[in-house]
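Enquirer: quick one, fold the following:
(2 chains)
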Number of protein chains: 2
Amino acid sequence: MLNFKEISFPLEFYIMTNPILNSFLPLFYIAWSDDVLTEKEATLLQESINSQDWLTKADKKELLSKINIDNPPTRTELLEWKDSIKKAVNEDSEEESLTDIALKLALLDDPKISNEKLKPLYFYLQNLEKSLGIISNEAVYAFKETHDTITSKYSTEATFSVEKLTEILDGNQAEIINTVKKVISRPTFKYETSTDIEVYREKVLKWCKILAKEGLGATAYPKKHGGQDDIEAYFSIMETLSYHDLSLVIKFGVQFGLWGMSIQSLGTEKHYAKYLKDIGSLKLPGCFAMTETNHGSNVKSLETTAIYDHKTKTFTINTPHKLARKEYIGNAARDGQMATVFAKLIIDGKDHGVNAFIVPIRDSKNNVLEGITIEDCGHKMGLNGVDNGIIYFDNVIIPKENMLDRFASINSKGQFVSPIASDNRRFFTMLGTLVGGRIGVPRSALAAAKSALTIAIRYGDQRRQFGPQGGSEVPILNYRIHQRRLMPYLAKSYAVHFALQYVTQRFVKRQESEMQEIEALAAGMKAYSTWNTRDTIQECREACGGKGYLSENRFDALKNDTEVYTTFEGDNTVLMNLVAKNRLTEFRNQFGEMNVLSLFNYVVDQAKTSITYKNPFATRNTDENHLIDSEFHIHAFTFREKEIQASAAKRIKKLLNSGLDSFDAFNIAQHHLINVSQAYLERIVLEQFQLQVENTKDEGCKAVLKKLCQLYALSTLEKNASWYLEQGYMEGVKTKAIRKSVNQLCWEIRQNAVPLVNAFNIPESCLSAPIVTKQ
Amino acid sequence: MLNFKEISFPLEFYIMTNPILNSFLPLFYIAWSDDVLTEKEATLLQESINSQDWLTKADKKELLSKINIDNPPTRTELLEWKDSIKKAVNEDSEEESLTDIALKLALLDDPKISNEKLKPLYFYLQNLEKSLGIISNEAVYAFKETHDTITSKYSTEATFSVEKLTEILDGNQAEIINTVKKVISRPTFKYETSTDIEVYREKVLKWCKILAKEGLGATAYPKKHGGQDDIEAYFSIMETLSYHDLSLVIKFGVQFGLWGMSIQSLGTEKHYAKYLKDIGSLKLPGCFAMTETNHGSNVKSLETTAIYDHKTKTFTINTPHKLARKEYIGNAARDGQMATVFAKLIIDGKDHGVNAFIVPIRDSKNNVLEGITIEDCGHKMGLNGVDNGIIYFDNVIIPKENMLDRFASINSKGQFVSPIASDNRRFFTMLGTLVGGRIGVPRSALAAAKSALTIAIRYGDQRRQFGPQGGSEVPILNYRIHQRRLMPYLAKSYAVHFALQYVTQRFVKRQESEMQEIEALAAGMKAYSTWNTRDTIQECREACGGKGYLSENRFDALKNDTEVYTTFEGDNTVLMNLVAKNRLTEFRNQFGEMNVLSLFNYVVDQAKTSITYKNPFATRNTDENHLIDSEFHIHAFTFREKEIQASAAKRIKKLLNSGLDSFDAFNIAQHHLINVSQAYLERIVLEQFQLQVENTKDEGCKAVLKKLCQLYALSTLEKNASWYLEQGYMEGVKTKAIRKSVNQLCWEIRQNAVPLVNAFNIPESCLSAPIVTKQ
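Expert: Sure, this is the predicted structure:
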């Protein structure tokens, strides 16, 4: 309570006849403001006033006239009230309550009024406020010009060196990454804005030629054929290019990756010598013609035929019916001169499974060759700078040497020979050598997510909307819900970054014996990363509101170009099924088919051991240090992985034992199987992130990465909370505490959010979005 | 076990020297096929064979030679094995096991072989299979040409009359719906495929003129001004047009809804007489200029000024700085001649809050007027047929009568007069009259979701991929995971349909006293429906794979055009916050501001009563009939709604009591508040769906709607499972059982899925997607 004796201030007008009644004004104003005085409140006020002995009849009448629900004060009256109340307000004090102000108004008449008279009034008004539900020191802001709050005062403050974090992210690839960034920052790489597909395609081809000239296209090829023999750098190039135009990335990937590496992986020295140099220089644009209209996921059942003719030693490539045409083939509609065509090899009427053949489709002047029919796939949601086409083969004859013969060939007697007996196995071995695509795509997807996060987080830091009453507007990134929308994706993108580094390393340093595992890992991370990108960009777009809808702010291209990432290089849902089957068999496995032999022995055993994981003391542990403890996180993730794996295996076994066909049994368990893969991938991602945190030397970077890792872990646990509750691994108090921790981490990371996206170090020319690069 | 005495079949070759050893062949083939014989399996087989007394040394040697892991059989050998085994297989039998076939092979040598000799062999082989984990009657399909499974045989089968369900969906609006469908099915409404924005805009304007000519634009206006006085029909038109082009819908909505209805809602008779007829005929294209660059959500803080000049009796409309320009204004960039401009009214330096004014921006020859600067918003993610623009006003003078004066005006003395004292309150009353937009948008969004579902579900029914070994490929809609992806959205779209019918009825038949509630309901359902559309279209696109990525199959337009639906007419997240505040106060409330008065009294009381909802006997009830019981569903939804509402109120009160600023307190609870709204909306949606089921007379329709309603209820409970587990409202056994029920309902509804989307009765010309209309 103020010392009223010391108060003195000028006030030249009265609202009430009896000045002491002015002490009711602040309350009345609050009650009427925004026109929300309810009958209940009016009654409460009336009754209270009527019960006061110290008020005269006239006083009461006057007071009641101001709260007559049938005769509300006019606009002008309300403004007058407000003006007089404002004069009693001390702008600089943060402690003044509504009652303090009320008393100041009462003092107008007689500044020497006794404390004995004021005290009862003070407590009376306080009680009145309370019964009306008014938060006193809160309501004061209705009469103030400024209003600072915790939410308003919060802002960006970096606690680490952005440059050092960039170094950590780039690692040993910094040099090539910076080279690529320099190239794509050149003026000639200014984004194409024409909506004319042909103009766009021409521009993308031009860009690709520049990259080829810089020697970037051939990076992965053998040195003797114009390359650097550096697949790791190739992936870094793909990822870095993805900060720029994604049509460029895919065109680049089709030419140098799919087309070139199909030669490199499936062909032999004679093919390398003949083609690789021209492919790397883009003198020979080509296609990777696998998918057919009727067979996209189930490529084992492709229907294009390659019939061997013993006499002429040639193959006849043919499209047996319309829906066996090659579809979505990149580089086909406009530029491709040759194609690696996947077709069933037939010798003497006998089917030897799907093999790969080099088939010319256009001459060097770009005329489509005889027997070849090409259609344009037409306008797509995105990637319109890539000329996807449809190819039909009408008995096109190619020489014997055009068979890519690393894994199978036709000997001099015209017999089919292969070191791999099973057609299936051979086909999936061939596919396995192409696993690089499933590393390039998720890394490209991640780059797109990083671009979206950079734009949305910088915008959220600048854009102000709403604020406390009387205070200025607040950066939208200070709102908890906005943090909730973006911070977990920021953490997840860092998590995926390190996981994809890991997959890349596993692939680069692979042993033959690890191939099954690496294939499954890449397939799974392809799905995990591309779905993450889909969700991240979507949330970022929405977080930027109408600005996010304008093409100039990049979400249009980012969202639409990456939209097909969840489909190509293997439909994500199909891949997740494959990963699950790989996890269940845990030994050499075929892509695309489930072998029932010895399926469950390994996995079922695990069910028993995992029980011991469940620690009854931990299920209710909501200690803050425990919740953010990395040991707890990895334990929970691993428990989930093993338990789901075991329960899926048990379930399928049970279904099979009940006499169900395995195809039906696996169908029934499909939903469960997707979770097997999901849990596996989440464990891998967390494990790699934790490892990265552990290995980070710089203290500032280590601390912020640790927080991001905690957020990734806890928001994933939150997402899976119902499962943990069902299992009894956690109780409600704990999942609630986790939710609270996620909120808190979001709040804390927000401070570093802008520096964290700046550490992605995306060229400003690539970001380009006017909402963050200019106003 | 077969009666071997009766078996006789021709077989002309042997694989093994000793014919009885051929009985091992099927096992060996299975073991080697797909190249997956592991060392563990080889050892198991070797040990087993070595332990058999009845085999000679030579027999053993021969058998072991076939399972030597270092010397696998060649491709040709494997094919020979398979060929000989196949001859022993009875194609027609579904009961033949691998052992049966093995014994038939053994019989080759001596068809009269005694049962005594066969029996031990039979059991030996069976045991061997078992220890290898082979499912015997399953493995047989490796040698068969056909393979039917439950999954393969499942297909579309309607259990209700599609026409009758369409009647239920259309209700009393069938006539206007069919009229609109006929118009948009005309050849002139063929989709525009040009990527040239100007061509597209021209086409959309042309379409709008046709609709205006048909009298559809003026439907909601008073009869005396050329309309039908039928707002309900207007919503039906918006929704039905949304099966066609969404740029058309938005252009239509801007002209006849936003522009026309701002005159109708905020103006008075003189404005109606002067403008409405020309607006309805599209002779006078106009804009709704509210949003500014700096203020989209927080429109209360708009900065454009309208300064009154007493002398000339005019207003001067001005854009005080660049970021106070009007942005995203539909009809502005190209066609609009006038605009309803929202600006702060200033009289004699005094701010009277945001009011609305009619401002001419172009002359009738389409020249931009003096003082007006218009920029094009440029290319957008979608809706490129709508000419969104930016408008700057440089002291543009308009006459006094251009103020839309239903809620405030300037009297003859130049004084501001209004029946609503509070500027805030008046502004939100004005906004309230425009709530129609928040009914039109979610209904348009729903139509887009229905289009996407129709395409994806029909495609899923036709598209075949993978299948059981040796069997034909299976429609992808038969896969459980595919059903899981689409069926819940199908159910939810039906649910949202009936909920939006309800909102429409509430709005059409509204009483003044219900407005707050209806505004919150519309705001909430706008968010609920548009987010549902976002998710539905996304899932449908992915479910159609590469085909879904081609623009011709419509997902491009559907996704990108509706992308901004979650943003315009109120950002969804902001709306959800507003709905929550409305729910918390549950009495007359201001959009955009939270009044602390009497906030919690009502809600906190509920916390106590809701405890009694929790029935300890029900938390573990997994009885099938209970799980699909509508009483259980609505009980669980209502419990959640009340409990979250109460806990949010308690939490905020606690935060305020701790001395926190209310702005900070509400910020901390934002995540919680979104759940308040979500739970409220889910309860409303379920309630209306259940009511619809109850009121449906036709038995076939009633049954299928009931299943959809169950699926909506259970998949929503599944989504919220962790909350129910935390609360102890359900135990793990029950949430697991719910998951199982969802799977089962998806499987059952799949049979009716195509008829259910056909009941939407979307014109084929609108669907247009080649993947479902032709091949």
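Enquirer: for the strand or helix carrying residue A:201, the distance to its chain's centre please.
Expert: In this structure, residue A:201 sits in helix A:197-213 according to DSSP states H and E. How far helix A:197-213 lies from its chain's middle: 28 Å, per C-alpha atoms, centre = their mean, to the nearest Å.
Enquirer: so after whichever strand or helix holds residue A:681, what's the next helix or strand?
Expert: Using DSSP H and E, residue A:681 falls within helix A:670-695. Downstream of helix A:670-695, the first helix or strand assigned by DSSP H and E is helix A:699-719.
Enquirer: ok now that next one, how far from the chain's centre?
Expert: When distances are taken as C-alpha atoms, centre = their mean, helix A:699-719 is centred 16 Å away from the chain's centroid.
Enquirer: model confidence over it, on average?
Expert: Average pLDDT, helix A:699-719: 98.
Enquirer: for it, list the C-alpha coordinates in CSV.
Expert: Output of helix A:699-719 as CSV, limited to C-alpha atoms (Å, rounded to 0.1, in the frame of the first residue of the first chain):
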residue,chain,number,x,y,z
GLU,A,699,31.8,-25.6,-25.8
GLY,A,700,29.3,-23.1,-27.2
CYS,A,701,28.4,-25.4,-30.1
LYS,A,702,28.3,-28.4,-27.9
ALA,A,703,25.8,-26.8,-25.5
VAL,A,704,23.4,-25.7,-28.2
LEU,A,705,23.6,-29.0,-30.1
LYS,A,706,22.9,-30.8,-26.8
LYS,A,707,19.7,-28.8,-26.3
LEU,A,708,18.6,-29.5,-29.9
CYS,A,709,19.3,-33.2,-29.3
GLN,A,710,17.2,-33.1,-26.1
LEU,A,711,14.4,-31.4,-28.0
TYR,A,712,14.6,-34.0,-30.8
ALA,A,713,14.5,-36.8,-28.2
LEU,A,714,11.7,-35.4,-26.1
SER,A,715,9.5,-34.3,-28.9
THR,A,716,9.9,-37.8,-30.4
LEU,A,717,9.0,-39.3,-27.1
GLU,A,718,6.0,-37.0,-26.9
LYS,A,719,4.9,-38.1,-30.3
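Enquirer: what are the contacting residues of it?
Expert: A:159-161, A:164-165, A:168, A:487-488, A:490-492, A:494-495, A:627-628, A:630, A:633, A:636-637, A:682, A:685-686, A:689-690, A:692-693, A:696, A:724, A:735, A:738-739, A:741-742, A:745-746, A:748-749, A:752, A:756 (C-beta atoms under 8 Å, 6 or more residues apart in numbering or on different chains). From N, CA and C alone the C-beta is placed, and that goes for glycine too.
Enquirer: so what's the residue count around the nearest residue to residue A:758 once chain neighbours are set aside?
Expert: For residue A:758, ignoring the flanking residues on the chain, the nearest one in space by C-beta to C-beta, 6 or more residues apart in numbering or on different chains is residue A:162 at 5.1 Å. Counted with other C-beta atoms under 10 Å in any protein chain shown, the neighbours of residue A:162 add up to 19.
Enquirer: residue A:759 is in contact with residue A:162, correct?
Expert: Yes. Contact criterion C-beta atoms under 8 Å: residue A:162 and residue A:759 qualify, at 5.0 Å.
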